[in-house]
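# Here is a sequence with its predicted model. Questions after.
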2 protein chains.
Amino acid sequence: MPTRDSKRASRPVTIVDVAREAGVSPATASRAFNGSARTVRDANLQRVLAAAAKLSYAPNASAQAVVRGDTSTVALLISDITDPYFSWIAAGVIEAAENAGLQVTVAVTNRNADRELDLVRYFRAQRPRAIIIGGSRAGSDERSRDLVNELTAFERSGGKAVTVSQGELGFRSVNLNDRKGAAELARRLVHLGYQSFGIIAGPLEPGVASERVAGFEEGLASVGLQVDPDAVVRSAFSWEGGYDAARVFPQEVIDGLDLIFAVNDMMALGAIAGLRLRGLSVPADIALAGYDDIAPLRDTSPSLTTVRIPLKDVGAASVLLGLDDDERVAMIEPLVVIRDSTPRR
Amino acid sequence: MPTRDSKRASRPVTIVDVAREAGVSPATASRAFNGSARTVRDANLQRVLAAAAKLSYAPNASAQAVVRGDTSTVALLISDITDPYFSWIAAGVIEAAENAGLQVTVAVTNRNADRELDLVRYFRAQRPRAIIIGGSRAGSDERSRDLVNELTAFERSGGKAVTVSQGELGFRSVNLNDRKGAAELARRLVHLGYQSFGIIAGPLEPGVASERVAGFEEGLASVGLQVDPDAVVRSAFSWEGGYDAARVFPQEVIDGLDLIFAVNDMMALGAIAGLRLRGLSVPADIALAGYDDIAPLRDTSPSLTTVRIPLKDVGAASVLLGLDDDERVAMIEPLVVIRDSTPRR
DNA sequence: CTGTTAGCGCGTTCAG
DNA sequence: CTGAACGCGCTAACAG
């Protein structure tokens, strides 16, 4: 015979229970928790708080959301949370959100465009204040249009959509200035004495990878140099991509190169392994530069020359954009970091 | 004069709007979306779906949660999402949750016990199906008791609390068997010919670090060896901790050591840097082993001997425990991985 | 199969 | 300052 005080799985405690325990009306209890504080007599306030503590009351956020018409949630969509690039962005998002009193819901696309669309639909149901698209999607134009439609509908109902490095979608966006960073990297490398460059370029579609390639080539062009098209190898945007690419360079091409630029750090790390397999050591035989300045790689040897993106700032900026009515774009400044993998020559 | 069709920030679309557009009652519209499918005439079903598409309707998850009395959310609390240990657990949690049709809310404690408690309170308001405590908290007994109280109240209202490697709190828990893993590591190292061991031990409080130290010493004891207390150095559970610890060993102690066990991989990596500063190279001058088998470290040189915890499985197991009425504990088997940092001697 | 009614937990009028 | 009444968006019961 389970009593009403039965310990397991009893009915959740509601504000009505608290009010009864405190001997006041539910309305007063509600005001005690979130009314303008001065509107409820102090004696009652204390009794309500005591009752809440005694019953271990926790408000029902869903019910609050329904009546208030908005939530205290931010939704974050990323490709892969084990990738430091995304986990640092996520860290920035979570920190900034918590500072603003908001919770963060995270979903992972695994770089699958269909999944991305579904997840945005799920997100919409949650009525988050903002949806932040952190990952670079690689889908068809049609999928892209569906995504834009979904986000547009979301904004029409009062939410804000924020993209990282995808301003072309037409929503609020955090601009990473990859083009500028890669160009600056190229110029610095030339100053160090490098002249003949190869590129491990990532996938062909428009996106982060292409921007970095374009920027690097622009930077070289600005000092009168250029990259031999045969020395540009396409590959996956991952460690394996860099590893494979390093092994694909024709021998006669690689012999003429004094530096390879991999469009992100993970690919650069893979390239080191791939080059080693060919008997080439970094930087003795060939120099190497990456992009992102992923934290766990800063202590590898040789330490990697790269372009730092302040990823936590990127996450924080996304949240700020997602809470601001006016600002529609945030600028992030990349910073070239020269290390051991590209000694002066 | 803003019309009701005004494009910016119009009133959110509700199921009533969809029903009207489709020419049916709200109840029928509701059934069209989640009724047992056969209960609504196909013609009406199509009209409702068409209306929903036309209006870009997205259900209100909060309203659904209120009436259904439960949500489709799982809450995850971790110390630091940029730490690969936690991001891999998070990846497992998110993947398993998505497979079960659930969303994941993530919060980060930054290893602050007060913050942890607050965050659990926020979590409770969301009424998640489960709260997963992934981080090892380092707080006072009082804080620990508050946490237990909060989680107990959560379970009383129907949720499930799951801890990773903290069975002593009395909730569902995923057991990492750190003691066993560390003992096995010790035995394997002895088999490789090592005899004199130092330990970089992490913080003193009970928890993961202490378990690993105890396990390692037990493993040595089982083959008749032991660790000189002077060769056990306490430090922070981080790269810096390992770095500092490596510099703290008294010279006469370190001269007699042939291997150092750092209680996690990040500390081991820091130790490599710290040892290098003393002119000691790994593994030529001294061997080194870690724990966790953090993914981004697998390609460093020298590659690190360690104990692999299948962290993604840990996350997945947490979710399963959090959805299961009966199971209260999941066992994870650690696996010793011998690599270049501990050559046979 | 469908519409009407009721009510989930809560915040907010509107009278006192 | 307080309580009663109402409504948020939605689903579950109950009739038809």
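Okay, I see it. Just so you know, these numbers come straight off a predicted model, no measurement behind them. Numbering: from 1, shown residues only, chains lettered A, B, ... in the order given.
# what's around the residue in the stretch 101-250 of chain A that DNA strand D sits nearest to, how many residues?
Closest to DNA strand D within the stretch 101-250 of chain A is A:A125: 8.2 Å, counting by CB to the nearest atom of the strand. (Glycine included, C-beta is placed from N, CA and C.) Here the number of neighbours of A:A125 (other CB atoms under 10 Å in any protein chain shown) works out to 16.
# which ones are touching the closest residue to it other than its chain neighbours?
Among residues not flanking A:A125 along the chain, B:A61 sits closest, at 4.1 Å (CB to CB, 6 or more residues apart in numbering or on different chains). Applying CB atoms under 8 Å, 6 or more residues apart in numbering or on different chains to B:A61 gives the contacts A:S62, A:A125, A:Q126, A:R127, B:T71, B:S72.
# ok, 10 Å please
By CB atoms under 10 Å, 6 or more residues apart in numbering or on different chains, the contact set of B:A61 is A:62, A:65, A:71, A:73, A:122-127, B:71-73, B:103.
# The nearest residue to A:T71 once chain neighbours are set aside: what secondary structure?
Counting by CB to CB, 6+ apart, A:T71 lies nearest to A:A65, which is 4.5 Å off, once chain neighbours are set aside. Under the three-state scheme (DSSP: H, G, I helix; E, B strand; the rest coil), A:A65 adopts helix.
# which residues in the stretch 1-150 of chain A form helices?
Using DSSP state H, counting those that start in this stretch, the helices found in the stretch 1-150 of chain A span residues A:15-22, A:26-34, A:42-55, A:61-68, A:84-99, A:113-126, A:141-156.
# right, so those helices: which one is the most enclosed?
Comparing the helices of the stretch 1-150 of chain A by mean neighbour count (mean count of other CB atoms under 10 Å in any protein chain shown), helix A:84-99 comes out on top with a mean of 24.
# Mind checking if it is in reach of chain B?
Yes: for helix A:84-99 and chain B, the contact criterion (CB under 10 Å from any CB of the partner chain) is met by A:84, A:86-95, A:97-98.
# Check these against A:F33 and report the nearest one.
For the residues of helix A:84-99 next to chain B, the closest approach to A:F33 (CB to CB) belongs to A:E98, at 20.2 Å.
# pretty sure that closest one contacts A:G315?
No: under the criterion of CB atoms under 10 Å, A:E98 makes no contact with A:G315, lying 11.7 Å away.
# overlap in contacts of these two?
Common contact partners of A:E98 and A:G315 (CB under 10 Å, 6+ apart): A:V104.
# Can you verify my assumption that A:F171 contacts A:I133?
Yes: counting by CB under 10 Å, A:F171 does reach A:I133; the two are 8.1 Å apart.
# all strands of the stretch 151-300 of chain A, in order?
Under the criterion DSSP state E, counting those that start in this stretch, the stretch 151-300 of chain A carries strands at the ranges A:160-164, A:172-175, A:197-200, A:232-233, A:259-262, A:287-289.
# Mind picking the two most distant members of the residues of helix A:84-99 next to chain B?
A:P84 and A:E98 (20.6 Å).
# follow-up on the earlier one: so which of the helices of the stretch 1-150 of chain A comes closest to A:I309?
When those are compared by CB to CB, helix A:84-99 sits nearest A:I309, at 8.2 Å.
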